[in-house]
Every structure is written in structure tokens, then in C-alpha cells.
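Enquirer: got a predicted structure plus its sequence, pasted below:
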Amino acid sequence: MQVICCKMVGMTTPNNPFPASEFDDWAENYDNSISMDRFPFQGYQEVLRRIITLARPRPGLTVLDLGTGTGNLAMLFARAGCELWCSDFSEAMLAKGREKLPGAHFILHDLRIDLPPGLPVPSTGSFRPMSSTISN
């Protein structure tokens, strides 16, 4: 497993409305939160199934899951035999993801900044597909 680091830190401000620390605090209960089919997670499981349907995962694909959180979408790709690269800006969320997906690669990274230089190229030469359940 390889871990790469690149993130913004700090408190909620106009320039940083979603600090990693808030997601670190939420990590322990995140999976319980999404299991409740109500706002803001109403339909979450259906969104995951739809992404998988559209991506048509299969063994040999290398997937980059942006904003992986605790790895719920990544788990579906793993079940299909894909190699996984999972990024998130919350160390605590990534720790939960590592528990679920010990064979995946994890990148500590904030999507609001460029990918870290030197990001290893997967054995397939590219990420196909790239996925995310984050919208803003």
C-alpha cells in the first residue's frame, strides 16, 4: 500500500467551507449516517449502483475514486476485481477505507488543489474509470 499526502487544513472559513477536520470528526459515524435514507443521503445507495452500472467495472480496470470517504463506492469496484486508488482529504475517513479495502492504494489529497506531483501511474498506464460521489 502506498500513501501520498497533499491537503488543505484549517477551520471553516469562506475560502475553506469544508475543512478536513469536520470530516475527521464524522468518520466514526459516517457509514451509519449514510444508511439512513433521508436528506442529504436519500437515494445514496441508488447513486452508487448507478455509477457502477455506468462504469461497467471488470477485472483489470484501475479506478481512481476521488473523495472516497470510507470507501463505499470503492468497495463496489473492488468486488468487480478492479485495482483501486482512493483519495480523500480526511485522514480519519481514509483510515476507515483502509479497514474495508486493505489492498487499495490511498492518497491523502484535497480535491480543491492539484494532484500531488509524482502520483504513481497505475500498472495499466491510466485510471479508467475515475469516480466520485461528491457534488458541490
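Expert: Nice, I can see it. All values derive from a computational prediction rather than experimental measurement.
Enquirer: skipping its backbone neighbours, what lies nearest residue 83 in space?
Expert: residue 62 (4.5 Å; CB to CB, 6 or more residues apart in numbering). Placement of C-beta: from N, CA and C, glycine included.
Enquirer: my guess is that neighbour meets residue 82, correct?
Expert: Yes. Counting by CB atoms under 8 Å, residue 62 touches residue 82, with 6.9 Å between them.
Enquirer: more crowded one of the two?
Expert: Neighbours were counted for residue 62 and for residue 82 using other CB atoms under 10 Å; residue 82 has more, 23 against 20.
Enquirer: next up, the contacts around that one.
Expert: By CB atoms under 8 Å, 6 or more residues apart in numbering, the residues touching residue 82 are 57-63.
Enquirer: same thing but 6 Å
Expert: If you count contacts by CB atoms under 6 Å, 6 or more residues apart in numbering, residue 82 has them with 57, 61, 63.
Enquirer: ok but the last one is inside a helix, no?
Expert: No. Residue 63: not assigned to a helix; according to DSSP: H, G, I helix; E, B strand; the rest coil it is strand.
Enquirer: can you tell me how far it sits from residue 25?
Expert: Distance, residue 63 to residue 25, using CB to CB, to the nearest Å: 28 Å.
Enquirer: and of the contacts of residue 82, the nearest to residue 32?
Expert: If you rank the contacts of residue 82 by distance to residue 32 using CB to CB, residue 63 comes first, at 25.3 Å.
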